[in-house]
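S.K.: Structure, please.
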Amino acid sequence: MKAIAVIYGSDSSEWEVSVRSGEFTASQIDGTRFDVYEVFARFGSWTLAAYRRNGGDRVAIPEGERPVIDKTNFSAVVEGAEVRFEYAYIMQHGTPGENGLMQGYLEMIGVPHSGCNAFVSAITFDKFSCKSYLKDVDFVRCADDLFIRKGEQHEALAQKAVDRLGLPMFVKPTDGGSSFGVTKVKKIEDFDKAVEDAFAEGKTIMAEAAIVGRELTCAVYFNGKENVALPVIEILTENEFFDYEAKYNGHSKEVCPAHIPDALRDEIQDTSKKIYAHLGCSGLVRVDYICAEEGLYFLEVNTIPGMTSASLVPQMVRAAGLSMTDFLTTVIENS
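M.R.: This is a model prediction of the structure:
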């Protein structure tokens with residue numbers, strides 16, 4: 001039985017979402033083929049939170065009794081014996097799991113892992129860098145934007161952003177997810193506060209022109225032979241945009257498969273596979289878009305998309321007629 005560590009928790013504002021994603025993922029991995037160990041990792045403290053072995057039930061470990069992970073060889077002592085984890089399924093939203101740091105550690109010690117490599121993870125995690133890799137391609141559009149590093153703010157910045165991007169616009173951290181620190185700015189007077197909120201999440205932010213259209217998303221994975229696109233989802237929200245409240249507190253509706261023309265569905269799936277290949281992605285990746293009158297706009301890539309039972313990717317998997325267990329086995333065996 002191959003020992004798989006599902007790593008969750010993170011150093012970012014998304015750590016609680018990460019825990020839910022990790023616990024769900026661990027519960028869906030085939031226990032007849034793999035022993036599953038749940039590693040809670042936050043601010044350098046890595047402990048074994050639970051495990052499931054030999055097809056048995058999940059054993060949760062109380063907080064004060066959790067074995068510490070030995071980072072020299074990525075192992076833990078379980079029931080008196082050392083277990084070396086042979087594969088890592090990374091479910092950390094935000095740093096260090098989504099920006100390449102965890103991938104770099106695993107790659108240095110020779111442990112295979114899910115998802116993209118360290119370099120690709122670092123590029124895709126930073127929204128501005130990722131868009132820079134796609135600005136010159138001919139298969140998707142990118143909204144105009146303005147990059148801002150902490151300490152570079154000046155009195156004329158708000159006017160510069162409005163002159164370049166118009167209103168409304170979005171101000172967001174270049175890294176991070178779950179819409180933490182994201183503001184839709186409708187008035188120039190609100191720009192400075194939006195910048196302050198975005199900088200609370202990181203040292204670099206971006207202002208981005210707001211594109212009016214339908215929000216759509218599609219995931220891609222490698223099945224061992226080819227890149228496969230899952231069904232497209234349309235996101236409908238009663239909020240200003242698909243923010244944290246909409247994502248996790250019931251203020252949105254996801255339509256899967258999306259009620260869109262077949263030609264648009266095919267375009268989104270094909271574009272998603274092209275982006276996956278162009279960026280050098282591997283494992284499971286989700287790509288988000290806005291479909292405007294003038295065409296399809298790229299929003300961002302999620303190399304570790306949410307994986308709670310209600311998350312977008314599990315909905316896509318079900319719509320494709322696949323079981324989560326078989327799907328995860330495919331991802332594990334081909335990443």
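S.K.: I'd like the distance between the residue in the chain sticking out farthest from the centre and Ile90.
M.R.: The centre of the chain is farthest from one residue, Gly80, which by C-alpha atoms, centre = their mean lies 35.5 Å away. Remark: distance between Gly80 and Ile90 (C-beta to C-beta, to the nearest Å) = 28 Å. The way it works is simple: take the backbone N, C-alpha and C, and place the C-beta from them, glycine included.
S.K.: returning to what we had before: report the contact partners of the residue farthest from the centre of the chain.
M.R.: Gly80 makes contact with no residue, according to C-beta atoms under 8 Å, 6 or more residues apart in numbering.
S.K.: tell me the phi and psi of it?
M.R.: Geometry field for Gly80 lists phi and psi as phi 80, psi 0, criterion degrees, to the nearest 10.
S.K.: Check the burial of the closest residue to Thr47 other than its chain neighbours by counting its neighbours.
M.R.: Spatial nearest neighbour of Thr47, excluding adjacent residues (C-beta to C-beta, 6 or more residues apart in numbering): Arg66 at 3.8 Å. Residues lying near Arg66 (other C-beta atoms under 10 Å) number 19.
S.K.: so how far is Thr271 from Gln315?
M.R.: Here Gln315 is placed at a distance of 20 Å from Thr271 (C-beta to C-beta).
S.K.: do Lys131 as well
M.R.: Distance check for Lys131 against Thr271: by C-beta to C-beta, it reads 14 Å.
S.K.: do the same with Phe119
M.R.: From Phe119 across to Thr271, the span is 22 Å (C-beta to C-beta).
S.K.: between those two, who's got more neighbours?
M.R.: Taking neighbours as other C-beta under 10 Å, Phe119 and Thr271 compare with Thr271 leading, 20 against 13.
S.K.: give the contact list for that one.
M.R.: For Thr271, the contact set (C-beta under 8 Å, 6+ apart) comprises Phe139, Val140, Val287, Tyr289, Leu296.
S.K.: can you tell me the helix or strand for it?
M.R.: When elements are defined using DSSP states H and E, Thr271 is found to belong to helix 262-279.
S.K.: what's the distance between that helix and the middle of its chain?
M.R.: 18 Å (C-alpha atoms, centre = their mean, to the nearest Å).
S.K.: Tell me the helix or strand right after it.
M.R.: Next in sequence after helix 262-279, counting helices and strands by DSSP H and E, comes strand 284-292.
S.K.: what does that following strand contact?
M.R.: With contact meaning C-beta under 8 Å, 6+ apart, strand 284-292 is reached by 114-116, 124, 140, 143, 211-221, 260, 264, 268, 271-272, 275-276, 296-303, 305, 312-313, 331, 335.
S.K.: Also stretch 40-56?
M.R.: Outside stretch 40-56, the residues that touch it by C-beta under 8 Å, 6+ apart are 1, 7-11, 15, 19, 23, 26, 31-32, 35-39, 58-61, 66-69, 71, 76, 78, 92, 96-97, 102.
S.K.: In helices, which of these appear?
M.R.: Counting by DSSP state H, those place Trp15, Val19, Glu23, Ala26, Met102 in helices.
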